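**Student:** need a structure here:
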Amino acid sequence: QVQLVESGGGLAQPGGSLRLSCIASGDIHIIHSMGWYRQTPGKQRELVADAITGASPKYADSVKGRFTISRDNAKNTVYLQMNSLNIEDTAVYYCHADLVTYSPPYEPDGYWGQGTQVTVSL
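**Tutor:** You can find the predicted model right below:
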């Protein structure tokens, strides 16, 4: 009933930029947060950035000053502007939303997108 669809991944050179987008659709009543996680083979999925309603965004230390998260609440969309990319940013990036739907049990729950590959390489 809820779908998160990411776009904007791809290939970038070190020092380059990419912008990820994620649109949430479906039976959405309230969105508490929308954010981005990333995962590389053999490692746990880690938080990159989180845009929490009514609070300041959170960033992983490794991306502070380089990545910027923003939300368009009217469009249920979250963006991740990634600048000064380095090879260590290579990963599959997943959109996540913590939201309440119009269906029972009317409690916050987490939803994931399918992931988009970001590759930083010469």
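**Student:** how close does Tyr59 sit to Gln114?
**Tutor:** From Tyr59 across to Gln114, the span is 23 Å (C-beta to C-beta, to the nearest Å). All C-beta atoms are positioned from the backbone trio N, CA, C, and that covers glycine.
**Student:** more neighbours: these two, which one.
**Tutor:** Under the criterion of other C-beta atoms under 10 Å, the comparison of Tyr59 against Gln114 puts Tyr59 first, with 19 against 11.
**Student:** burial check on the residue nearest to the more buried one when sequence neighbours are not counted, number of neighbours?
**Tutor:** Nearest non-adjacent residue to Tyr59, counting by C-beta to C-beta, 6 or more residues apart in numbering: Ala49, 5.0 Å away. By other C-beta under 10 Å, the residues close to Ala49 number 23.
**Student:** ditto for the one 5 residues further on
**Tutor:** Gly54 is surrounded by 6 other residues when neighbours are defined as other C-beta under 10 Å.
**Student:** quick check: it is in a helix.
**Tutor:** No - per DSSP: H, G, I helix; E, B strand; the rest coil, Gly54 lies outside any helix segment and is coil.
**Student:** show me where the protein has strands.
**Tutor:** Remark: strands assigned in the chain by DSSP state E are 2-7, 10-12, 18-26, 28-39, 46-52, 58-59, 67-72, 77-82, 91-101, 109-112, 116-120.
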